[in-house]
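Engineer: sequence and computational prediction follow.
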Amino acid sequence: MRQIIEQIRVCRKHSSAGLATRASLSAELLRIGLRWFVKRRIGPGTDIAEVRRWIELIQRYVPAPSSRTETLSIKPAGVSAHWITTAASDKDRHVLYLHGGAYIAGSPLLYRDVTWRIAKRARARVLCIDYRLAPEFPFPAAIDDVIKVYRWLVDNGANPRRIAIMGDSAGGGLAFATLLKLRDDGASLPAAAVALSPWTDLAFTGMSMKLNAETEALMNSEEAPRFADYYLAGADPRTPYASPLYGDLSGLPPTLIQVGSDEMLLDDSLRMADKLRVAKCEVDLEIWPRMPHAWHFFARLLPEARRAIERIGIFLRAHT
């Protein structure tokens, strides 16, 4: 009980002003649907091939982008990617987007109803990359792909001060890991970062992994460690390029973190934000009441998702 009270206290301390205090009816219904049709489907022992087949099935029903969106399939530095541009996009502002999927699944196609919205609200061109996945390509293959694409952007004329790196779930953790690697390599950092429900601790030491296991609408607590093992392939789960929570965060750019109050990964965001503040980095943490993991994916259904993306757009326009 003491732990639960402490978590509530921390949530109240860090929640950003101006957010709604309760979830919409649409969000509550979605939570029920996710628990029945996704969380139950990807249960303990589910084969990776089955997870990928399930995601590919969902992918078929993801709505196409707005008619005024241009999506090009390209291969920057040999990495497959989607280049998304809307009528509102500034050709000199870029967002490098890293999809989620626990490092074992996911693709730019699955995110086609999210990335165009980010491009529109941020007034940017979005480059969503199809980085290599575990277990076929374990750590550090994903971060190597992101670094190559970022360097490709800069080498082709993109100004780092007008680039942001952004990701959700595993992609959120990968965004932070990329920033650490770029800084350590002496490269020019992007101007800003956005992390949506980021997975920053592959050692699973946050208490919300247990406390929110039941309230979590999407992720399965039994499966997450197995997926992490596939990605790590024997690497130390506390190595900063895999779990950026354990790294030296000094010098990282202004960051926006958005996370749902009932997520298992809540503590991954709370602790990351605290460490960024200790490192004297600019960080804005938003805790959205009762939102499912990476709820932005459901922007067609949820007013909270559309409002969250609007806030992301404001943040990115201000910093790039």
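Structural biologist: Looks like it arrived, so ask away.
Engineer: for stretch 265-272, give me every contacting residue.
Structural biologist: Contacts of stretch 265-272 with the rest of the structure, by C-beta atoms under 8 Å, 6 or more residues apart in numbering, involve 7, 10-11, 14, 169, 173, 176, 195, 197-201, 206-209, 212, 219, 244-245, 257, 259-260, 285, 287, 293. Quick note: C-beta positions are derived from backbone N, CA and C, even for glycine.
Engineer: hmm, residue 24 is touching residue 304, no?
Structural biologist: Yes: contact status for residue 24 versus residue 304: in contact at 6.3 Å, counting by C-beta atoms under 8 Å.
Engineer: for the two, indicate the residue with more neighbours.
Structural biologist: Using other C-beta atoms under 10 Å, the more surrounded residue of residue 24 and residue 304 is residue 304, with 25 against 16.
Engineer: relative to residue 181, how far out is residue 35?
Structural biologist: The spacing between residue 35 and residue 181, counted by C-beta to C-beta, to the nearest Å, is 36 Å.
Engineer: oops, could you answer that again for residue 309 instead?
Structural biologist: Distance of residue 309 to residue 181, given as C-beta to C-beta: 27 Å.
Engineer: now residue 198
Structural biologist: When distance is defined by C-beta to C-beta, residue 198 is 16 Å away from residue 181.
Engineer: now residue 282
Structural biologist: Residue 282 sits 20 Å away from residue 181, taking C-beta to C-beta as the criterion.
Engineer: looking at these two, which is more packed in?
Structural biologist: The neighbour count for residue 282 versus residue 181, taken as other C-beta under 10 Å, is higher for residue 181 (20 against 13).
Engineer: which residues touch the more buried one?
Structural biologist: Taking C-beta under 8 Å, 6+ apart as the definition of contact, the neighbours of residue 181 are 143, 147, 241.
Engineer: between those residues, which sits nearest residue 67?
Structural biologist: Top of the list for closeness to residue 67, among the contacts of residue 181 and by C-beta to C-beta, is residue 147 at 34.4 Å.
Engineer: residue 297 against residue 112, yeah?
Structural biologist: No: look at residue 297 against residue 112 with C-beta under 8 Å: they stay out of range, at 10.7 Å.
Engineer: more neighbours: these two, which one.
Structural biologist: Here residue 297 and residue 112 are compared on neighbour count by other C-beta under 10 Å; more neighbours surround residue 297, at 23 against 20.
Engineer: so the more buried one, which of the three states?
Structural biologist: Each residue gets one of three states, and residue 297 gets helix by DSSP: H, G, I helix; E, B strand; the rest coil.
Engineer: and the residue lying closest to it once chain neighbours are set aside, how far from residue 274?
Structural biologist: Nearest non-adjacent residue to residue 297, counting by C-beta to C-beta, 6 or more residues apart in numbering: residue 114, 5.8 Å away. Separation of residue 114 from residue 274 (C-beta to C-beta): 27 Å.
Engineer: these two: which has the busier surroundings?
Structural biologist: residue 114 (26 against 15).
Engineer: which residues does the helix or strand containing the more buried one contact?
Structural biologist: Mapping residue 114 onto the secondary structure by DSSP states H and E places it in helix 112-122. Under the criterion C-beta under 8 Å, 6+ apart, residues 62-66, 69, 71, 82, 84-89, 93, 95, 97, 108, 124-126, 128, 164, 166, 296-297, 299-300, 306, 309-310, 312-314, 316-317, 320 lie in contact with helix 112-122.
Engineer: what's the angle between the helix or strand just after that helix and helix 112-122?
Structural biologist: Along the chain past helix 112-122, the next helix or strand (assigned with DSSP H and E) turns out to be strand 125-129. For strand 125-129 against helix 112-122, the angle between stretch directions is 150 degrees (axes from the mean of the first three to the mean of the last three C-alpha atoms, to 10 degrees).
Engineer: how far does the very next helix or strand once past strand 125-129 sit from the chain's center?
Structural biologist: Reading on from strand 125-129 to the C-terminus, the next helix or strand found by DSSP H and E is helix 141-155. Between the centre of helix 141-155 and the centre of its host chain there is 17 Å, according to C-alpha atoms, centre = their mean, to the nearest Å.
Engineer: quickly run through the sheet partners of the following helix or strand past helix 141-155, with directions.
Structural biologist: Using DSSP H and E, the helix or strand that directly follows helix 141-155 along the chain is strand 163-168. Listed by DSSP bridges, the sheet partners of strand 163-168 and their directions read strand 94-98 (parallel), strand 192-196 (parallel).
Engineer: have a look at this structure and report its longest helix.
Structural biologist: Looking across the chain with DSSP state H, the single longest helix is helix 303-319.
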